[in-house]
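1. Fold the following, please.
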Amino acid sequence: MNELNEYYESVLKKEQALSRYSTIDPMQDIEINIKDTMRPVRLPTHKIHKKKAHDEEATCAKYNDGGSLLFTGGGDGLVRVWDPVSGLEKQTLRGANQAILDLDVSPGTELIAAGCVDNKVIVWSFSTSRPRHTITGHSNKVVSSRFM
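-> Numbering: from 1, shown residues only. Okay, here's the model as predicted:
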């Protein structure tokens, strides 16, 4: 946890040092390296878009591997797909009856899995926007979902 705190403090220091300039690119190369387990990524330094993503609260968000799409899940039971550059909604995935608590995007962005309040996991096909699988049998809400 100390490494994460140190990383966070270093990002804040870099952001403060860069904030003195008025022509800062909102996406800057800030290298993240916690025991060589992560690759360099670009982190935003200020808000680019502000959207009302869901009719109820937004509960989770996940970028695809390339960062070209942003997926959000919400209390309205929808998964929405956004273009993070333009801020425009590209797609809506329907099929959950209650709130989405967590989601994950498969490598290659073919499948999207979402854990739901109604004790199930729904797996959508990205290309068709339709549910491919519904995994039931959980005794309580599904708070996490990951592709391995």
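
2. wait, what's in contact with Glu56?
-> Applying C-beta atoms under 8 Å, 6 or more residues apart in numbering to Glu56 gives the contacts Gly74, Gly75, Asp76, Ala99. Every C-beta, even on glycine, is put in place using the N, C-alpha and C of the backbone.

3. I misspoke; the intended subject was Ser68.
-> Neighbouring residues of Ser68 by C-beta under 8 Å, 6+ apart: Asp83, Pro84.

4. Provide the secondary structure category for the most centrally placed residue in the chain.
-> Centroid-nearest residue in the chain, with C-alpha atoms, centre = their mean: Lys62, separated by 1.4 Å. Secondary structure state of Lys62, per DSSP: H, G, I helix; E, B strand; the rest coil, is strand.

5. Please report the distance of the closest residue in space to it that isn't next to it in sequence from Gly137.
-> Closest residue to Lys62 apart from its sequence neighbours, by C-beta to C-beta, 6 or more residues apart in numbering: Phe71 at 5.0 Å. Between Phe71 and Gly137 the computed distance is 25 Å (C-beta to C-beta, to the nearest Å).

6. just Gly87 next, same as before
-> Gly87 is 38 Å from Gly137, by C-beta to C-beta.

7. Tell me which of these two has more neighbours.
-> Gly87 (12 against 7; other C-beta atoms under 10 Å).
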